[in-house]
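In: generate a structure from the sequence data that follows.
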Amino acid sequence: MQTINVRTTQNVLIGYPLAGLFDRVLAFILDLFIFIAYLILTFVIFYNLNLVTTWTSILIYLPVFFYNLIFEIIMNGQSPGKRAMKIKVVRLDGASPTIANYIMRFILWPVDIVLSGSIAITFILLTKNSQRLGDLAAGTTVVKLANTPTVTSQKILEGLHQNYTPSFPQVMNLSDRDISVIQEALDVNVQLGNDRPIYLLADKLKRLHGIQSDLSPSQFLHTVLKDYHYLTSNL
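Out: Here you go, the predicted model:
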C-alpha cells in the first residue's frame with residue numbers, strides 16, 4: 001500500500017496510507033447529508049418566520065458553498081465527513097497544507113464533481129497519489145489516519161505502581177520534545193508496522209546517554225517513557 005510521509009509538529013515524518021476511493025466517497029456522502037439537514041432546518045425556520053427572500057436564500061446557501069473550504073481550514077484538512085472516515089488532506093511534501101492549498105482545491109471542486117463526480121473518481125483512480133484535479137493543482141492528496149489510541153502521560157502514570165523502580169535515570173536529561181518524538185516513533189511502529197524509527201531512536205539514545213540495555217528497541221523506548229514520567233511526576 002502506497003504511503004505519504006507527513007511531517008508532524010515534532011518534525012517527525014510519519015507514513016500514512018493513501019485514502020481509498022470508498023473512504024473519500026463515503027466522506028462526501030456524509031457531508032452531503034449534513035448539507036441537506038442544514039438546508040431543510042434553515043429553510044423551515046426562515047419560512048415559519050416569513051423571512052424567505054432571494055437575499056436570505058443566498059445567505060442560506062453560502063455556508064454550503066464554502067463548506068469544504070471552511071472546515072478544511074479550521075479542522076486541519078478535515079470536514080466532518082472526513083473526520084468520521086478518519087481521512088484528511090495533506091501536502092505531498094509532508095508539510096501542513098496552507099490556506100492557499102485549500103483554496104486551490106476548493107476552486108477546482110466544481111469541476112471535479114460534474115457528471116456525478118466522474119472526473120474526480122477517474123483522476124483518483126488513475127493518478128499515482130490518488131489525486132483529484134484540485135489535489136493535482138494544490139499539490140495535496142488525502143490520507144487514511146490510523147485508528148490507534150494515543151498513550152498519554154496520564155495513562156502511563158496510571159499504569160505504574162508506587163514502588164516502581166526506574167531502570168534508566170539518565171532519562172532526566174531528556175526534554176519534553178525528546179519524549180514526544182519517542183512516543184511518535186512508537187505510534188508509527190504500532191500503526192504502520194514500521195520498526196525502523198524505533199531502532200534508530202533507541203540506538204541514538206543509548207549512544208548519547210551511555211545507556212546499556214539488552215531490551216528490544218520497543219521495550220527499551222517504552223521503559224524510557226515510563227521512567228521519564230515517573231521521575232518527572234515526583235519532582
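In: phi, psi of L92?
Out: phi -70, psi -30 (degrees, to the nearest 10).
In: wait, it sits on I4?
Out: Yes: L92 lies in contact with I4 (Cβ atoms under 8 Å); the separation is 6.6 Å. Where C-beta positions appear, they are placed from N, C-alpha and C, glycine not excepted.
In: comparing the two, which residue is more hemmed in?
Out: More crowded of L92 and I4, by other Cβ atoms under 10 Å: I4, with 23 against 17.
In: and the next helix or strand past the helix or strand bottoming out on mean pLDDT in the chain?
Out: Lowest by mean pLDDT, DSSP states H and E among the helices and strands of the chain is helix 153-158, with a mean of 50. Under the assignment DSSP states H and E, the closest C-terminal helix or strand after helix 153-158 is helix 176-192.
In: picking up where we left off before, what is in contact with L92 and I4 at once?
Out: N129, T141 (Cβ atoms under 8 Å, 6 or more residues apart in numbering).
In: can you list the low-confidence ranges for the protein?
Out: 1, 5-15, 146-163, 190-194, 234-235 (pLDDT under 70).
In: now the residue lying farthest from the centre of it: how far from A100?
Out: In terms of distance from the mean C-alpha position of the chain, N50 ranks first, at 43.1 Å (Cα atoms, centre = their mean). N50 sits 42 Å away from A100, going by Cβ to Cβ, to the nearest Å.
In: the domain parsing of this structure - what is it?
Out: The record's domain parsing of the chain by automatic domain parsing lists 3-144, 153-233.
In: quick one: the strands in the chain?
Out: 3-7, 13-17, 87-91, 140-144 (DSSP state E).
In: number of nearby residues for the spatially closest residue to V111 that is not a sequence neighbour?
Out: Spatial nearest neighbour of V111, excluding adjacent residues (Cβ to Cβ, 6 or more residues apart in numbering): L133 at 5.7 Å. Residues lying near L133 (other Cβ under 10 Å) number 20.
In: over to M172?
Out: Residues lying near M172 (other Cβ under 10 Å) number 13.
In: what's the longest helix seen in the chain packed up against?
Out: As assigned by DSSP state H, the longest helix anywhere in the chain is helix 21-48. Using 3 or more Cβ pairs under 8 Å, 6 or more residues apart in numbering; DSSP states H and E, the elements in contact with helix 21-48 are helix 54-65, helix 67-74, helix 80-85, strand 87-91, helix 109-126.
In: swap the cut-off to 6 Å and go again
Out: Applying 3 or more Cβ pairs under 6 Å, 6 or more residues apart in numbering; DSSP states H and E, we find helix 21-48 packed against helix 54-65, helix 80-85.
In: can I get those in a markdown table with mean neighbour count?
Out: Formatted as a markdown table, the helices and strands packed on helix 21-48 follow (neighbours: other Cβ atoms under 10 Å):
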| stretch | mean neighbour count |
| --- | --- |
| helix 54-65 | 12 |
| helix 80-85 | 20 |
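In: tell me which of those helices sits nearest to N189.
Out: Among the helices and strands packed on helix 21-48, helix 80-85 comes nearest to N189, with 24.0 Å by Cβ to Cβ.
In: which residues are in contact with the closest one?
Out: Helix 80-85 has contacts (Cβ atoms under 6 Å, 6 or more residues apart in numbering) with D23, L26, A27, L30, D31, I34, K88.
In: sort out which of those are buried, if you could.
Out: Listed as buried from the contacts of helix 80-85 are D23, L26, A27, L30, D31, K88; burial here means 16 or more other Cβ atoms under 10 Å.
In: look up how far S167 lies from the third one.
Out: Meaning A27. 45 Å.
In: same question, L231
Out: 11 Å.
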